[in-house]
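[1] No letters, just coordinates:
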C-alpha cells in the first residue's frame, strides 16, 4: 500500500464505489457488505483463485473473472449475482460435495462449517452429480490435532497459512487432479513431522471439519481466526 | 566472432563438404532411430572405409525427413531417398551412388507428400547434422543473429516480427510481435526468455523433431528474442521424455558457447545471454505458461490466474517472454528474409507455415510443414496419402486434448486459427489425428477426457472434480448404461468447465466432448438409446460387466 496509490471508481451491482488501485473486487465487496461466495480466499493470506466461487461478470469481457484476484479498474462495472453465476456456484459446490465424504451429521464442524453455510445460503437442497464415496484417510498421529481427508476441499488455506504466516511450510499438496491431497512434510504422519511447530493456525483457518482439535465432538469445533488480521496488520506496520 | 568470422566458418564448411563427390544422409531423429537407423549409419560408415571411399563419400547423421512411417530413411542427394533401409543395404546404397539409384528401396519424392509442403521451420531438417554447429552455420545459420547484433536495434527486430504477422505456435495463436514488444516495454532490470518445449498432446511430435533435427535454429531464435526484449538469461523447458532432444540441445548450447555465439559479450557486443535446460517431470499442465514458470522456479507446477501476465510478472517476478519451440524456429528466417516475405505466406490473419504431425489412420504418418490456409483435404488426402485399407474418412482431431474432432464436411475448410476455432476445434500445437469408420467418436472423446482427468493439477474445483465426472459419464455411455439425463449432465459440465476453470487445460478440456456431441450426435444417440456402438469399438464385454 503505497501512499501514492491512486483511487479508482467502479460500479458493483449498479452501485458506485471507490477503491485503491491495489484492491481487488472482492476487497471492495467485503468493505461494503456485498456478498460474494468464496472458500479458498481468506483475508491475510495470499489469493490463489482456486475455488472459482467468486467469479463475477465484468462488463466488456465475455470471461468470468475471479473477484479475489481481479484488481479494480476505473469505470469497471461488476455484477456479482445473476442466474448464470448462481447456477455455476451451485454446480461447483455440488461437485465439492460429491468429491469426498461430507457427512454433516457426524462432523465436528457441523454448524460452524463454511462449506455447509455456503450451501445453505445458495439454497442447495440436493446434489445431482453421483457421489464418489472415496476411501479417504484420517491422520490422528499429532498430539493435539487431527486431519480428516474426508472433509478436505483442497482450498490450501492450511498450506498458505503455514508457509506465509507461521513460516514452517509443513503443509503442501501432493498428487494430481482428483488424487491431490494435502500432506505434512514429505507425506509423513503429522505426528512425526519435524517442521510442524504445533501452532494450530492451519486448524483454525480450515473452512471445514478437515482440520480440528482433538477432543472435539460433533458440532463442537469452532474456528477462531482473529489472529490472522492482527498478525497481518502487525507485519505490514513493521515492514 | 564477427560477421567475417562467421562467413569464414560457413565457407570452410562448404569447402569441406565440396571435397566429397557423394553425400549419404541418414536420418537419426527419434522416429528412424527407433527402427535402428544408428546401425544403418554405422554399416554405411564401415562400408565406406572398406571401399576406401573416405575422401570421396561422406556419411552424415541428419534430422527428420518427415516420412516417419517409412523409416529408416537415407538420402543420397536431392530427390534420392531410400526407405525401410537396414544395415544390410549399405553396400547396395553405395553401389547406386555412381549409377542409377536402386529401385527396391527407393522412396519417390515427386509425390504430393514432398511437393506440396513448404519448409521454413523444417528447412534444415534432414539436411544439416544437428550435432555439428558448423553444419548449421554452413547453411546460413546464426547469420540472422549476427545481422541483428550488428545492424539492427531491438525495436527494429520487434518491428520485423510484427510485420511478419507470426502468431504463437504453441496453440493459442497470440501475436508474437505484440508479446515481444510487451516484454520489451515492461520495466525490469532482469528479464527472461523461456522456450516452451513441454510438448504433451497425444500424437504430436513437432517440437521434438525440430529440437532433434535443428536445435541451433531454436537457440538462434531465442538469442534474437533475448536481444529484442533485453533479456540476459533464458531457459528451455523440455520434457524429460525427450532424451535425444535434451542431449542434442545440451550439445548445441555447449557448441554455441564455445564459438562465442552464446554467453557474455556475444560477438564482441554488450549483449549477453545464456541458456539453461529445465526438464519437465511429465505433467501436461506444465505446458501452460504460468504452471511452467512455477515449475522452472522449483515449485509445484500449477497454473495461477492471469493477469498479471508473464510479460509483466513472470519467472521470479521478472518480465518473461515465453514462446513455443516452433515460434522461435520461425524467427531466424523472418530476420534473414524480412517480415514482409513471411507475411506473403498464409492467409490474411494466419501468416506463414505450420508444422503438423500426422498420426492415426493415415497412409503417410509423419511430419509435414504446410502454408496456412491449405485445406484439411489437401493435408489428409494429398499430402497424407489418404486413409489406408480403402476405408472411409470419419474425422480429424486437431489440437490434442484441447481441440476438437472435425467431420468430413469440414475437409474443405482452410486451416488457420480463426477457421478452426469457428468449427469448434483449435490449431493447437499441430497434432493431427485422422480417424476412419473403425473409430467410435464417443470412445475418442472418452480417451481425451481420461487424459485431461489424469493431467488435471487439482488446483481448481471445476477441473479437478468436473473432469472426473465427465470421464465417468463417458464411461457410462460407452458401457451403454447411460440414459438421456447423462447426456444433459455431460453438456452441463462442458459449459461449467469452459467458463469457470482456472487455466486453459480446464477451460478447453470439454472441447473433444463438445465437438463430438455437435458433429456425431447420432453416435451418442446410438449408445444411449439403442445401446449399441456403431463402430463396434465399445466391446460387448464392457456392457456385460456393467450390467
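    Nice, thanks for sending it over. Note that the structure is a prediction, hence the values are computed from the model and not measured.
[2] can you give me the strands in chain A?
    Taking DSSP state E to define them, one finds strands in chain A at A:7-12, A:15-20, A:55-58, A:64-66, A:77-79, A:138-139, A:145-148, A:171-174, A:181-184, A:211-213.
[3] Pull up the residues of chain A that are close to chain B.
    Within chain A, the positions lying close to chain B (C-beta under 8 Å from any C-beta of the partner chain) are A:48-52, A:55, A:63-64, A:66, A:69, A:88, A:91-92, A:95-96, A:98-99, A:128-130, A:132, A:153-154, A:172-173, A:175-180. (Glycine included, C-beta is placed from N, CA and C.)
[4] Which members of the residues you listed are classed as buried?
    Burial by neighbour count, 16 or more other C-beta atoms under 10 Å in any protein chain shown: within the residues of chain A next to chain B this picks out A:48-52, A:55, A:64, A:66, A:69, A:88, A:91-92, A:95-96, A:98-99, A:129, A:132, A:153-154, A:172-173, A:176-178, A:180.
[5] Go ahead and flag the most central residue of the chain.
    Picked chain A for this. For chain A, the residue whose C-alpha lies nearest the mean C-alpha position (C-alpha atoms, centre = their mean) is residue A:40; its distance is 2.2 Å.
[6] The intended chain is chain B.
    Short answer for chain B (C-alpha atoms, centre = their mean): residue B:206, at 2.4 Å.
[7] Tell me who's in contact with the one residue in chain A that gets nearest to chain B.
    Across chain A, no residue is closer to chain B than residue A:180, which sits at 3.1 Å (C-beta to the nearest C-beta). Going by C-beta atoms under 8 Å, 6 or more residues apart in numbering or on different chains, residue A:180 touches A:154, A:173, A:174, B:457, B:458, B:459, B:464.
[8] wouldn't residue B:499 be in contact with residue A:64 here?
    Yes - counting by C-beta atoms under 8 Å, residue A:64 is a contact partner of residue B:499 at 5.8 Å.
[9] name the element residue B:50 belongs to?
    Assigned by DSSP states H and E, residue B:50 belongs to helix B:37-51.
[10] actually residue B:238, sorry about that
    Secondary structure here is read from DSSP H and E; on that basis residue B:238 sits in strand B:233-239.
[11] helices or strands next to that strand in the packing?
    Contact partners of strand B:233-239 among helices and strands, from 3 or more C-beta pairs under 8 Å, 6 or more residues apart in numbering or on different chains; DSSP states H and E: strand B:192-197, helix B:215-229, helix B:243-258, strand B:274-280, helix B:289-296.
[12] Of the ones you listed, give the one that comes closest to chain A.
    Closest approach to chain A among the helices and strands packed on strand B:233-239 (C-beta to the nearest C-beta): helix B:289-296, 10.9 Å.
[13] Are there helices or strands packed against that closest one, and which ones?
    In terms of contacts (3+ C-beta pairs under 8 Å, 6+ apart), helix B:289-296 is packed against strand B:192-197, strand B:233-239, strand B:274-280, strand B:320-324.
[14] Tabulate these (JSON lines), appending mean neighbour count.
    Conversion of the helices and strands packed on helix B:289-296 to JSON lines gives the following (neighbours: other C-beta atoms under 10 Å in any protein chain shown):
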{"stretch": "strand B:192-197", "mean neighbour count": "28"}
{"stretch": "strand B:233-239", "mean neighbour count": "23"}
{"stretch": "strand B:274-280", "mean neighbour count": "17"}
{"stretch": "strand B:320-324", "mean neighbour count": "28"}
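[15] Reformat those strands as a markdown table; add mean pLDDT.
    Shown next, in a markdown table, are those (pLDDT from 0 to 100):
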| stretch | mean pLDDT |
| --- | --- |
| strand B:192-197 | 98 |
| strand B:233-239 | 97 |
| strand B:274-280 | 96 |
| strand B:320-324 | 97 |
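[16] Out of those, which gets nearest to residue B:451?
    strand B:233-239 (15.1 Å; C-beta to C-beta).
[17] any low-confidence regions in the chain?
    Since no chain was named, I'll use chain A. Low-confidence segments of chain A, defined by pLDDT under 70: A:1-4, A:239.
[18] meant chain B, my bad for not saying
    B:102, B:540-547.
[19] Name the residues of it found near chain A, please.
    Close to chain A, as judged by C-beta under 8 Å from any C-beta, chain B has residues B:283, B:300, B:304-305, B:453-469, B:472, B:489, B:492, B:496, B:499-502.
[20] One more pass at 7 Å, please.
    When proximity is defined as C-beta under 7 Å from any C-beta of the partner chain, chain B approaches chain A at B:300, B:305, B:453-454, B:456-462, B:464-469, B:472, B:496, B:499-500, B:502.
[21] among those residues, which ones are buried?
    Of all the residues of chain B next to chain A considered here, the ones buried according to neighbour count by 16+ other C-beta under 10 Å are B:300, B:305, B:453, B:456-462, B:464-469, B:472, B:496, B:499-500, B:502.
[22] And stretch B:109-129, end to end?
    In terms of C-alpha to C-alpha, to the nearest Å, the two terminal residues of stretch B:109-129 are separated by 21 Å.
[23] ah, wrong one, I meant stretch B:121-135
    One end of stretch B:121-135 to the other measures 16 Å (C-alpha to C-alpha).
[24] repeat for stretch B:178-195
    Distance between the boundary residues of stretch B:178-195 (C-alpha to C-alpha) amounts to 17 Å.
[25] Filter the residues of chain B next to chain A down to the ones in helices?
    B:453-454, B:461-462, B:464-469, B:472, B:496, B:499-500 (DSSP state H).
[26] and the two most separated of those residues?
    Distances among these were taken as C-beta to C-beta; the most separated pair is B:454 and B:499, at 22.6 Å.
[27] Residue in the stretch 351-500 of chain B with the shortest distance to chain A?
    Counting by C-beta to the nearest C-beta, the stretch 351-500 of chain B gets nearest chain A through residue B:458, at 3.1 Å.
[28] for that residue, what are its contacts?
    Shown here is residue B:458, whose contacts under the criterion C-beta atoms under 7 Å, 6 or more residues apart in numbering or on different chains are A:154, A:175, A:176, A:177, A:178, A:180, B:464.
[29] out of the residues you listed, who's nearest residue B:249?
    Relative to residue B:249, and with distances defined as C-beta to C-beta, the nearest of those is residue A:176, at 26.8 Å.
[30] okay, now the domains of chain A?
    Under the assignment automatic domain parsing, the domains of chain A span A:7-81, A:93-238.
[31] Which among the ones you listed is found nearest to residue B:184?
    When the domains of chain A are ranked by proximity to residue B:184, the top entry is domain A:7-81, at 23.5 Å, counting by C-beta to C-beta.
[32] now that closest one, how far from the centre of its chain.
    Here the centre of domain A:7-81 is set off from its chain's centre by 15 Å, with C-alpha atoms, centre = their mean, to the nearest Å.
[33] Now the terminal residues of that domain, how far apart.
    By C-alpha to C-alpha, the extent of domain A:7-81 from end to end equals 25 Å.
[34] who touches residue A:94 in this structure?
    Residue A:94 sits next to A:124, A:127, A:128, A:129 when contact means C-beta under 7 Å, 6+ apart.
[35] Contacts only, for the first one.
    Residue A:124 makes contact with A:90, A:93, A:94, according to C-beta under 7 Å, 6+ apart.
[36] Helices - which of those residues land there?
    The helices, defined by DSSP H, take in A:90, A:93, A:94 from these.
[37] Show only the entries of the contacts of residue B:458 found in helices.
    Secondary structure assignment (DSSP H) places residue B:464 from the contacts of residue B:458 within helices.
[38] what would the contacts of residue B:458 look like in CSV with distance to residue B:364?
    Shown next, in CSV, are the contacts of residue B:458 (distance: C-beta to C-beta, whole Å):
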residue, distance to residue B:364
A:154, 46
A:175, 40
A:176, 36
A:177, 36
A:178, 39
A:180, 41
B:464, 39
